[in-house]
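Colleague: got a sequence here, can you model it:
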Amino acid sequence: MRLELRDIHHTYSPGTPFEVEALRGVSLAVEPGEVLGILGGTGSGKSTLVQHMNLLLQPAAGTVLVDGEDASKLKKSELRRRVGMVFQFPEAALFAPTVGDDVAFAPRRLGLQEAEVEERVSQSLALVGAEHLKGRSPFALSGGERRRVAIAGVLAMGPEVLVLDEPTAGLDPASSRELLRLIRTLRDAGTSVVLVSHDTDEISEVADRICILEGGKVRAIGPPRDIFYANLGFAPATVGTVAALGDAGRGAGRPVRFHETLRTLAGLMER
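Modeller: Below you'll find the model as predicted:
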């Protein structure tokens, strides 16, 4: 599925003293089977932007397209099934007595047969590595386990695009690494992922393309190595390290991910 936003504008509290123009003509596409990382400072419009992807927010101007079709003409339930949204701290919405019941809630609302519901629950829990938690109370889990269960609840809807808004916020390093592995697994299985994060080191490890938002506009979009080396203020520590070598790093290329950078630095030291 290809998701496209064309010239999206959004204003909060229009016509009042509190009017804020959050998005100012944003255009971008989420290509099938890719991880699109969205970076930007506080107030840059990141969360506002992703809420337009399944029309939780309606644009003041512009169009959202799903495989070339105007998303506003689709049923909202169908659109939000195809474009799943996981907000910050999604575990706060867990409510059922068991993990299995919680993950099954949305598929049951779709009117699916119970056998298919159970299959979706098992598959989504397996994807997040939480099959063994199915019979447990979500309130007895660790923070990382609860986060994975909450994501499984969205995956059980079978989204073609999964939007993750700061998914590692508040998690310990081990749980964060687990979520990054999950993002890679989903991408490899054909699900597109939109990852919103303040953590450039984190986003550089999984993103196929990067979009930098600034002041409600797209400052840059493209492959990580092109974007980060041209925008060092937004770059992860790996890029900053190589860039700081200056002439000494000639021949290093433009590594981005941690293992690429280590390999490059090792090669420079050998030479």
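Colleague: how far away is Asp102 from Leu232?
Modeller: Asp102 sits 43 Å away from Leu232, going by C-beta to C-beta, to the nearest Å. Yep, even glycine has a C-beta here, placed from its N, CA and C like the rest.
Colleague: the more surrounded of these two?
Modeller: Neighbour tally, Asp102 and Leu232, criterion other C-beta atoms under 10 Å: the higher count belongs to Asp102, 24 against 11.
Colleague: do you know how far the more buried one is from Ala169?
Modeller: Taking C-beta to C-beta, one finds Asp102 at 20 Å from Ala169.
Colleague: how about Glu260?
Modeller: If you go by C-beta to C-beta, the gap between Glu260 and Ala169 works out to 26 Å.
Colleague: pick out whichever of those two has more residues nearby.
Modeller: More neighbours surround Glu260 than the other of Glu260 and Ala169, with 16 against 13 (other C-beta under 10 Å).
Colleague: quick one: contacts for the more buried one?
Modeller: By C-beta atoms under 8 Å, 6 or more residues apart in numbering, Glu260 lies in contact with Thr238.
Colleague: buried ones in the helix or strand in which it is found?
Modeller: Taking DSSP states H and E as the criterion, Glu260 maps to helix 258-270. By neighbour count on 16 or more other C-beta atoms under 10 Å, the buried set for helix 258-270 is 260-261, 264-265.
Colleague: which member of these is positioned nearest Leu182?
Modeller: Taking C-beta to C-beta as the measure, Leu182 sits nearest to Glu260 out of the buried residues of helix 258-270, at 21.3 Å.
Colleague: low-confidence bits of the chain, can you list those?
Modeller: 248-249 (pLDDT under 70).
Colleague: give me that answer again for 90
Modeller: The model of the chain has pLDDT under 90 over residues 88, 109-111, 198-199, 241-253, 263-271.
Colleague: could you list the domains of it?
Modeller: 3-235, 236-271 (automatic domain parsing).
Colleague: what's the most buried one of those domains?
Modeller: domain 3-235 (a mean of 18; mean count of other C-beta atoms under 10 Å).
Colleague: centroid-nearest residue for the protein?
Modeller: Leu195 (2.1 Å; C-alpha atoms, centre = their mean).
Colleague: show me what it is bridged to.
Modeller: Gly37, Leu164 (DSSP bridges).
Colleague: measure it to Ser77 for me?
Modeller: From Leu195 to Ser77 the distance is 25 Å (C-beta to C-beta).
Colleague: likewise for Pro107?
Modeller: Pro107 is 13 Å from Ser77, by C-beta to C-beta.
Colleague: residue contacts, Ala169?
Modeller: Applying C-beta under 8 Å, 6+ apart, the residues near Ala169 are 88-89.
Colleague: state the helix or strand in which it lies.
Modeller: Judged by DSSP H and E, Ala169 forms part of no helix or strand.
Colleague: cool, Leu23 as well?
Modeller: strand 20-30.
Colleague: as CSV, could you dump the C-alpha coordinates of stretch 257-266?
Modeller: Taking C-alpha atoms only, stretch 257-266 is exported to CSV below (Å, rounded to 0.1, in the frame of the first residue of the first chain):
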residue,chain,number,x,y,z
ARG,A,257,24.3,2.8,11.4
PHE,A,258,26.4,1.8,14.3
HIS,A,259,27.9,-1.3,12.9
GLU,A,260,28.7,0.5,9.6
THR,A,261,30.5,3.2,11.5
LEU,A,262,32.5,0.8,13.6
ARG,A,263,33.6,-1.1,10.4
THR,A,264,34.5,2.2,8.7
LEU,A,265,36.5,3.5,11.7
ALA,A,266,38.3,0.1,12.0
